[in-house]
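Student: can you look at this prediction? I've put the sequence above it.
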Amino acid sequence: MAQATLTRTVAVRRGRGRRGESLTKVLFVLPAALAMGALFGYPVVKNLVMSLQDYGLRTFFTGEAPFIGLKNYSAMVSDQLFSQAMVNTALFTIGSIAFQFGIGLALALFFRRRFPLGGLLRSLLLLPWLLPLIVSSATWRSILEQDNGILNRTLTGLNLIDQPVPWLNSPSVALIAVIGVNIWIGIPFNVTLLYSGLAEIPEELYEAGQLDGATGWRAFTHITWPNLRAVAGVLLMLGVVYTIKVLDIILGLTGGGPANATQTLATQSYERSFVDFKFGEGAALSNLLIALSFVFAIFYLRSTRRAVDE
């Protein structure tokens, strides 16, 4: 009897201790959760509410923003620029991610080999990623200038072109130029993460593979890529989330032109809100971007969990 009473007492004390520990954990997390809710939750909710209102310039003077339901979303979809912006966003994202990852992987494999000044070159490679995007855009705008840009002068001097290419002024070329600049900016981020992933692969695997004849391409397909796949999955998903909402680079280079050739969902949302002052429609477009980013963020979180498990 005494033993049973003692057991129940110990169990009660353990239960109270666990509840106390749980309460302590909640109290430690609560300030961060409140801050996150205030800084991120409120703007998202406010943006969702704005997208359901006739929120325009006069709202700042009258304070009135009538509820109009899904009319802003209907206006967004029926806009003739919407389909073009969707296509441009897809091309911009896929083109940027594909080349950023491919070039980043090649450079990461290159820098994995030890050679003099390799660490210095790898550090210098980070500069494009560390520069402010507006600075990078202004620099590339001068480089890609049709008449006096250094790129056209170089290509003309090498007799590779007869006439200067209107990189930022031609609807058929502008999107390619913008994608190229975004690739240049994103390569260092890909190199850094992929190089870190390669550094985690044990050298013993390659030594064992050499005994079985797994060298060169076979070593990459049977050793490198299987061990790098988790990092690559996270990197690709994270790159999509970042790239799909790029605004600074496009505004700095073309402003969405010429003839809306570089118009994306992000630039269209900006123009609706801060050029046309149709904040409701701008909010609807930004909500679409949030939804797309959220979908890829789910894949990112699942990839991260899978990478941790592996």
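Tutor: Cool, got the structure. Model, not experiment: these values are computed from the prediction.

Student: least confident secondary structure element in this structure?
Tutor: None of the helices or strands of the chain scores lower by mean pLDDT, DSSP states H and E than helix 2-36, at a mean of 66.

Student: name the residues that touch the first helix or strand past that one going along the chain?
Tutor: Counting by DSSP states H and E, the next helix or strand C-terminal to helix 2-36 is helix 42-50. Residues outside helix 42-50 that contact it (CB atoms under 8 Å, 6 or more residues apart in numbering) are 65, 279-280, 283, 286-287, 290. For the C-beta atoms, the positions are set from N, CA and C on the backbone; glycine is no exception.

Student: please identify which of those is nearest to Leu107.
Tutor: Ile290 (32.5 Å; CB to CB).

Student: element containing the closest one?
Tutor: helix 279-309.

Student: just want the angle from that helix to helix 42-50.
Tutor: Per axes from the mean of the first three to the mean of the last three CA atoms, to 10 degrees, the angle that helix 279-309 makes with helix 42-50 is 140 degrees.

Student: what is helix 279-309 packed up against?
Tutor: helix 42-50, helix 71-78, helix 225-243, helix 265-274 (3 or more CB pairs under 8 Å, 6 or more residues apart in numbering; DSSP states H and E).

Student: stretch 182-197: which residues count as buried?
Tutor: By neighbour count on 16 or more other CB atoms under 10 Å, the buried set for stretch 182-197 is 182-195, 197.

Student: cool, and stretch 224-244?
Tutor: Using 16+ other CB under 10 Å as the test for burial, stretch 224-244 gives 224, 227-228, 230-244.

Student: circling back: turn the contacts of helix 42-50 into CSV, including pLDDT and distance to Ile94.
Tutor: Below are the contacts of helix 42-50 laid out as CSV (pLDDT from 0 to 100; distance: CB to CB, whole Å):
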residue, pLDDT, distance to Ile94
Ala65, 85, 37
Phe279, 91, 30
Gly280, 90, 30
Ala283, 91, 26
Ser286, 90, 21
Asn287, 90, 22
Ile290, 86, 20
